[in-house]
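Novice: sequence plus the predicted model coming up.
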Amino acid sequence: MNGIVAVAILTGLLERGLDAVGNDKLLSYSVRGKEFSPGREPTLREYFFCSYACAGEQFQIPMYRQPLSILSLESGDNSSYHGTSFKSNIDTHEMMENPSTQDIKPRTGTAFLSSISRHWPLLVALAALWIATGIAQYLAALRTQGHLIYALDDAYIHMAMAKNFAQHGVYGVTRYEFSSSSSSPLWTLLLALIYFLFGVHESFSLILDLVIASLTLVAVYVLLNGIVRKQILQMVVLLAIVFLTPLPVLIASGMEHPLHILLAILFLSFAARTIVEDAAAHKALNLAVLVLLCVALVLTRFESYALVFVVCVLFAFRRRWKIALGMVMSGIVPLLTYQAVSVANGWHWLPNSVLVRAGARNAGITNSMESIIVVPLTSPHFRRFMLTGWNALLDAPYLAVLIGASVVILAISLVRSRRFWKQEHVMLLAYIVTALAHIQFGRIGHFYRYDAYLVALGLFVLAVSAVDLFGALKQWMATNSVKAIGGSIILLLTLQLTIPLLTRSFLALPLIPTASQNIYQQQYQMGLFLQRYYSGKTVAANDVGAICFLADIHLVDLVGLASADIYQLRQSNQFTTDQVLSLCDKKQVSLVVAYAVWLQFEGLLGYQREWKRVGAWKIEDDVVCGSNVVSFYAVREAEEQPLIKNLQSFSMTLPPGVGHWVKSDVASDSSGSGK
């Protein structure tokens, strides 16, 4: 019950807060049949009433006794709402004359029940989110011997960096050196703050994601409340965001993506509202909120620069030069700050996770801002570069549906209204350009997370923009039977377009238990093994999240996400067997834990002449790991027998379903197979 009450209170606060930064003007109201015409902006206490007047709905609020009618309320977009009735236990005229009145106590129990009944679409969506997440985590725990395990090893990279920053003041995957390995600085710092305040615990990422996902639903509900008036439609939109994004999968991944979704929705909503309103109506508080959202957005995911860029351009088209400049600065300053810290520590201007995974090395991109922008446009492979983006769109039909629907709705709405500067038009255009930019320059998929914000943002924007069109379609269908049939066909075709989104959801949700099991059986066991036998020693690996979170080791990251030396070799096209072996020898690596197939794929074919493969673990039903077989290599002859002994001892504690092989059991096999 306390949770429901908290949600009701939070919803009311958000509603009041959103209206408090708006530009509504209370034109007239009446109390006991007597009309008053203040013709001014409502006071803060009056915003409680005005927020519901903006919604244009009728409400009965039992905690107030005396009747209050807002006769006319002008909103910031020059539209007016009339005749919304309420109940009040105070004389509103007296409240306006004496805003300090504080001696009336509402009937709180009745108020809470009324609030719950009013906000049932939100409560249904929250219940669906929590139940779906709980079921997924329960099924995963059945496969992980009761442990809370995240569905991706990447989550443990953030957790390791947060732990080291909170406990040792080192922003790195190990406590021994700085590493620019997190693609989401804000998420890592947020986790670090929680670890500093409450101690390190593996559950905090899950809890934080669940809370943020819940806040996302609250924010969407509040933003929809004055636009989508039918509560059943509000519930449909909220449930679509829960299951089509899908939020339970993002929560299971334990990373920043729910936060990215929340910030993207809030930023676009505030930005669109500010863009379309009159320049004279801009408020300092509104602009401050917009700047803070911009800073938080780009620090959460660097892909957000596409959305920020579109918003800056739209402000410029409206000749809001100061705001456009403010947006540019609020987007650039976090990047410059990060770049200054990273470069000062001998790293690059972007996190290695962004540079490596974006395929910068293959595109010929170097370490400068200029090369990121210019090389794709001047490269002889430009055509291939462009075709890669369109191929990605073909691989993600759900994005094609969202973008196509946005284009169609924008075109129809422009024809009907004959003016562009409307909030829904701005949101549609910003979404279309952002989505296309992400498809061209970003990544799609990888456990349904990189483009999840585009799905949630697209659903929200379409819900906001399509309401009037569907209302017009309903009226058109009511004129005669032929149009009714035609309208029904249109609606059926629209429902058909949801199939790619539904397919994505049906494929994603069942993967959570299996993915968690994969990480538990492979990366998590690797971390426990290194924690037990190789604490304080240097280890080379190609999956570094769980091993760095669980074990206190020095690290050589063979991928280059957490090792500047390895990334430098990749960038200079010197990532060869001899160079890697030399670096490992220089770093005094004791053990290599890597996928044999990955080493061969990277062209390190000569590693066998120095690294001796003495053991391997094999898992079944692999859906997220780089390979189902991970191998253990002794770098020096003196390390071989201790490694064999340690593997034999640890094999007794491996979870069921993990096959293991140790050199002393059978003849050595360097093919990459495992038993």
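Specialist: Perfect, thanks for sending it. Numbering: from 1, shown residues only.

Novice: Tyr633 falls within a strand, correct?
Specialist: Yes - assessed with DSSP: H, G, I helix; E, B strand; the rest coil, Tyr633 lies in a strand.

Novice: that one: what's it in contact with?
Specialist: Neighbour list for Tyr633: 591-594, 607, 611-614 [criterion: C-beta atoms under 8 Å, 6 or more residues apart in numbering]. C-beta here means a position set from N, CA and C on the backbone, and glycine is covered the same way.

Novice: wait, a strand at Val556?
Specialist: Yes - counting by three-state DSSP, Val556 falls inside a strand.

Novice: next one: it from Trp347, what distance?
Specialist: Distance of Val556 to Trp347, given as C-beta to C-beta, to the nearest Å: 15 Å.

Novice: and if you look at Pro513?
Specialist: Taking C-beta to C-beta, one finds Pro513 at 37 Å from Trp347.

Novice: tell me which residues in the lengthiest helix in the chain are buried?
Specialist: If you go by DSSP state H, the chain has its longest helix at helix 452-477. For helix 452-477, the neighbour count (16 or more other C-beta atoms under 10 Å) marks 452-468, 470, 473, 477 as buried.

Novice: residues contacting the spatially most central residue of the chain?
Specialist: Geometric centre of the chain, nearest residue: His257, 2.0 Å, by C-alpha atoms, centre = their mean. The contact partners of His257, by C-beta under 8 Å, 6+ apart, come to 250, 301, 449, 452-453.

Novice: tell me the pLDDT of it.
Specialist: His257 carries a pLDDT score of 96 in this model.

Novice: identify the residue nearest it in space, chain neighbours excluded?
Specialist: Of all residues not flanking His257 in the chain, Leu250 sits nearest, at 4.5 Å (C-beta to C-beta, 6 or more residues apart in numbering).

Novice: confirm that neighbour sits in a helix?
Specialist: Yes - secondary structure of Leu250 (three-state DSSP): part of a helix.

Novice: so what does the residue nearest to the centre of the chain have for phi and psi?
Specialist: Dihedral angles of His257 (phi, psi; degrees, to the nearest 10) stand at phi -70, psi -40.

Novice: roughly how far apart are it and Asp451?
Specialist: 10 Å.

Novice: ok, Val311 next?
Specialist: Counting by C-beta to C-beta, the gap from Val311 to Asp451 is 20 Å.

Novice: what about the residue nearest to His257, how many neighbours?
Specialist: 28 (other C-beta atoms under 10 Å).

Novice: residue contacts, it?
Specialist: 209, 213, 257-258, 261, 448-449, 452.

Novice: equivalent analysis for His168, please.
Specialist: Contacts of His168 (C-beta under 8 Å, 6+ apart): Arg175.

Novice: which pLDDT value belongs to it?
Specialist: His168 is assigned 95 on the pLDDT scale.

Novice: Gly39 too?
Specialist: Reading off the model, Gly39 has pLDDT 49.

Novice: spatially nearest residue to Ile566 (excluding sequence neighbours)?
Specialist: Among residues not flanking Ile566 along the chain, Gly560 sits closest, at 4.1 Å (C-beta to C-beta, 6+ apart).

Novice: I'd say that neighbour and Tyr567 touch.
Specialist: Yes - with contacts counted by C-beta atoms under 8 Å, Gly560 reaches Tyr567, the gap being 3.7 Å.

Novice: can you tell me the element Ala540 falls in?
Specialist: Element membership for Ala540, per DSSP states H and E: strand 538-541.

Novice: next SSE downstream of that strand?
Specialist: Using DSSP H and E, the first helix or strand after strand 538-541 is helix 545-550.

Novice: run the chain-centre distance for that following helix.
Specialist: Helix 545-550 sits 22 Å away from the centroid of its parent chain (C-alpha atoms, centre = their mean, to the nearest Å).

Novice: low-confidence ranges in this structure?
Specialist: Applying pLDDT under 70 to the chain flags residues 1-115, 279-282, 356-390, 483, 665-675.

Novice: please enumerate the strands of it.
Specialist: Ranges of strands in the chain, per DSSP state E, are 25-31, 34-36, 66-74, 80-88, 538-541, 554-557, 591-594, 612-618, 629-634, 659-662.

Novice: what number of residues lie near Leu238?
Specialist: Neighbour tally, Leu238, other C-beta under 10 Å: 27.

Novice: so it makes contact with Ala125?
Specialist: Yes - using C-beta under 8 Å, Leu238 makes contact with Ala125 at a distance of 3.5 Å.

Novice: and Leu263, what does it touch?
Specialist: 293, 296-297, 300, 304.
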